[in-house]
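Asker: Have a look at this prediction, sequence included:
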Amino acid sequence: MSKATSPRLRKVRVLATLGPASSTPEMIEKLFLAGADAFRINMSHGDQDSKIPLIEAIRKMEKRTGRPSTILADLQGPKLRVGKFAAGKVVLTTGATFRLDRDETPGDETRVELPHREIFLAIEEGARLLLDDGKIVLRVTDHGDDWIETKVVVGGALSNSKGLNVPDVVVPMAALTDKDRRDLTFALDQKVDWIALSFVQRPEDLAEARLLIQGRAALLAKIEKPSAIDRLEEIVEQCDGVMVARGDLGVELPPESVPPLQKRIVEVSRRLGRPVVVATQMLESMITSPSPTRAEVSDVATAVYDGADAIMLSAESAAGAWPVESVAMMNSIAEAVERDPMHGDRVHFTITRPDPTTADALAEAATTIAQTAGACAIICFTTSGSTARRIARERPSVPILVLTPNQATARRMGLLWGTHAVHTRDVSSFEDMVAKAKRMALRHHIAKAGDRVIVMAGVPFGTPGSTNVLHVVRIIGDELKGYKG
C-alpha cells in the first residue's frame, strides 16, 4: 500500500526513455523528480539482462517515493534491412538502375541481397523503397519472384545492413518476430505495465500479442506505417493505448503529412477513450544542447493543447548529454501550457460523446458537476481502471484521484491524463467509500478542509465494470483523526 504523495501540478504525462545516459538508480530518480511519470525501456538496444537493473531500480524507487511506477517495454518489431556489400559501402547514383534479390553474394553498385521474402510477394510496380531512413529513394520498375528492379530516384551512400521502408504496400509480415516473442516473455516475467507493439499495419497485428499477454500488461499500438492510417479506428479499438511514432511515420510519408495525421490519431484515440502518446524528436536538439529550439517548444506545446495523454522523450533522455534537463524542460512546457486560460477550451476541441452506458454517463456528469459546483477533484474507486479512463476521456478541469486495490492498475495509470493513482485496500460499504475518499484526498493533498470532491464507484464494491454511483461530498477536515492506515 502506498505512502501519501502529492500529485503532479500538470495533467499531461511525461514518458522518458532510459538508456546509457540514464541507466543508474540515481539518474532514474533524478528523472522522476524532474517530472518523468513513466519510463520506456527500448528492447531494440542491448540484451535482456541489461534491462533487469533498470526495472529493479524503478520498482525500488516506487517503494521510496510511494508513487506507483509505470514501465513501458517497447518491442523492436520486424526490421527490414538490406544485405551486405563486398566493399562494405557503395554510392548509388541518381537515375541509375539497382536490383534487390535473394542472392546472398555480397552486393555492389548494381545490386544487393534483400533477405525478406514477404516484400517480393507484396511489391508492386511504381512502389517506393526507402533506404537508410529515407535518405535514398528507389522506385520499382519491374519485379519477379526473387528480384526487384528499381530506378534510383534519390541517390547517396549506402552501407551494410541499412534499414528499408516500404511505404506504398502492406507487407504480409507477422507483427511479432522471434526476438519480439522472447522479449515479450521476458517483459511479462518482469511484470512491466505496458507493451508497445511496433510497426502495426492492421488490427489483426494486435491479435497474437494480445493472446500472449493474456491481460498481464496493457497493449499499446505504435502508429508508424501509412497502412495503419487506413484502418486507424479499428486498430485503436483493438488496443489499450496508442503512440504517434513520428519517426518512421515521417520517413514513409512527406514531412508535411505528419502534423495533420498526428492530430487525427490523437483525436481518434481520445474519442475512443484510449490513452495516446506523442513521440519522437520532441526536444531533439537537447541531445547535445542544454536548451531546446523555440520550434521544439511549440511542438511539445501543440501536443499538450491537443489533449495528448503523454509526451515522450527518446534519445534526449536515453543517450543525450542533458537527460534531466530534457525532462525538466518538457515538464515546464507542459505546466506553462496548462496554466494558459485557453488550455481548457482547446483540449475540448475533440468531441468525446459518451457511449450509452451508465459509467460513461456518470463520467460526463462528474466533469460537468466539478465545473458547476466548484469541486476540486474527482475521486474514483476502480479495479480494472476503466472508470478512470472514462473520466480522463472527458478531460475534466480538476485532478482525478484513482483508488484501486489492484497494483497493476495503479501502475498503468502513468500514461493516463490527469490521474494520480493510489494502491490501497478496497472498500466494503457506501460509508466506507465516502470516508476513505475524504481521507485519501487529504493525505495526498488533492483537497483541503471545506473543499467539495466528487466520488465515483460501483456497487456492489469490488465488481469490475459496475460503476453506478456518483456522490458529491464536502471535506470537513477531521477525517484523518485517529486514522492509522
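Answerer: On my side now, so go ahead.
Asker: ok, the residue nearest to D451 when sequence neighbours are not counted to V455 distance?
Answerer: Closest residue in space to D451, ignoring its immediate chain neighbours: C376 at 4.6 Å, by Cβ to Cβ, 6 or more residues apart in numbering. C-beta here means a position set from N, CA and C on the backbone, and glycine is covered the same way. C376 sits 13 Å away from V455, going by Cβ to Cβ, to the nearest Å.
Asker: Who has more neighbours out of the two?
Answerer: Set C376 next to V455 and count neighbours by other Cβ atoms under 10 Å: V455 wins out with 25 against 18.
Asker: and the more buried one, what are its bridge partners?
Answerer: Using DSSP bridges, the beta-bridge partners of V455 come out as I379, H471.
Asker: circling back: which residues does the residue nearest to D451 contact?
Answerer: By Cβ atoms under 8 Å, 6 or more residues apart in numbering, the contact set of C376 is V398, P399, I446, A447, D451, R452, V453.
Asker: same question, S161
Answerer: R81, V82, G83, K84.
Asker: what about it, helix or strand, and which?
Answerer: Counting by DSSP states H and E, no helix or strand carries S161.
Asker: Next, it: phi, psi?
Answerer: Dihedral angles of S161 (phi, psi; degrees, to the nearest 10) stand at phi 60, psi 30.
Asker: and the residue lying closest to P167 once chain neighbours are set aside, how many residues sit next to it?
Answerer: In this structure, P167 finds its nearest non-sequential neighbour in E252, 3.4 Å apart by Cβ to Cβ, 6+ apart. When neighbours are defined as other Cβ under 10 Å, E252 has 19 of them.
Asker: again with the one 4 residues further on
Answerer: The criterion is other Cβ under 10 Å. On that basis, E256 has 7 neighbouring residues.
Asker: any idea how far it is from L232?
Answerer: Taken as Cβ to Cβ, the span from E256 to L232 is 19 Å.
Asker: on that earlier part again, looks to me like the residue nearest to D451 is in a helix.
Answerer: No - looking at C376 with DSSP: H, G, I helix; E, B strand; the rest coil, it is coil, so not inside a helix.
Asker: The residue nearest to P167 and K225 touch, don't they?
Answerer: Yes - the criterion here is Cβ atoms under 8 Å, and E252 meets it with K225 at 6.7 Å.
Asker: list the residues that contact both of those two?
Answerer: With Cβ under 8 Å, 6+ apart as the test, E252 and K225 both reach P167.
Asker: May I have the residues that are in contact with V276?
Answerer: G241, V242, M243, V244, I265, V266, S269, R270, A308, D309, A310.
Asker: Look at it and report its pLDDT.
Answerer: V276 is assigned 98 on the pLDDT scale.
Asker: So the residue found closest to D133 once you drop the neighbours it is linked to in the chain, which state does it fall into?
Answerer: Leaving aside its chain neighbours, D133 sits nearest to V251 (5.4 Å; criterion: Cβ to Cβ, 6+ apart). At V251 the chain is in helix, as set by three-state DSSP.
Asker: quick one: V251 and D132 touch, right?
Answerer: No - V251 is beyond contact range of D132, at 9.6 Å (criterion: Cβ under 8 Å).
Asker: from the middle of its chain, how far away would stretch 356-376 be?
Answerer: 26 Å (Cα atoms, centre = their mean, to the nearest Å).
Asker: got the CA positions of that stretch in CSV?
Answerer: Below are the C-alpha coordinates for stretch 356-376, written out as CSV (Å, rounded to 0.1, in the frame of the first residue of the first chain):
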residue,chain,number,x,y,z
PRO,A,356,-24.8,4.7,-23.9
THR,A,357,-23.7,3.2,-20.6
THR,A,358,-24.2,4.2,-17.0
ALA,A,359,-20.4,4.5,-16.5
ASP,A,360,-20.0,6.9,-19.4
ALA,A,361,-23.0,9.0,-18.4
LEU,A,362,-21.6,9.3,-14.9
ALA,A,363,-18.1,10.2,-16.1
GLU,A,364,-19.5,13.0,-18.3
ALA,A,365,-21.8,14.2,-15.4
ALA,A,366,-18.8,14.2,-13.0
THR,A,367,-16.9,16.5,-15.3
THR,A,368,-19.8,18.9,-15.6
ILE,A,369,-20.6,18.9,-11.8
ALA,A,370,-17.0,19.5,-11.0
GLN,A,371,-17.1,22.7,-13.0
THR,A,372,-20.5,23.8,-11.9
ALA,A,373,-20.3,23.0,-8.2
GLY,A,374,-16.7,24.0,-7.8
ALA,A,375,-15.4,20.6,-6.8
CYS,A,376,-11.6,20.4,-6.6
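Asker: what about burial for the contacts of S161, which qualify?
Answerer: V82, G83, K84 (16 or more other Cβ atoms under 10 Å).
Asker: of these, closest to L442?
Answerer: V82 (61.2 Å; Cβ to Cβ).
Asker: ok, for the closest one, nearest residue in space, not its chain neighbours?
Answerer: Going by Cβ to Cβ, 6+ apart, V82 has V112 as its nearest residue, at 5.0 Å.
Asker: do the same with V258
Answerer: V258 sits nearest to G250 (Cβ to Cβ, 6+ apart), 5.1 Å away.
Asker: That neighbour: how many residues sit nearby?
Answerer: 18.
Asker: go on, D309?
Answerer: Neighbours of D309 using other Cβ under 10 Å come to 29.
Asker: Looks like it contacts R10 (just checking).
Answerer: No - at 11.9 Å, D309 does not count as touching R10 under the criterion of Cβ under 8 Å.
Asker: Pull up the gap between the residue nearest in space to the middle of the chain and R246, please.
Answerer: Nearest residue to the geometric centre of the chain (Cα atoms, centre = their mean): V277, 4.0 Å. From V277 across to R246, the span is 11 Å (Cβ to Cβ).
Asker: All set, thanks.
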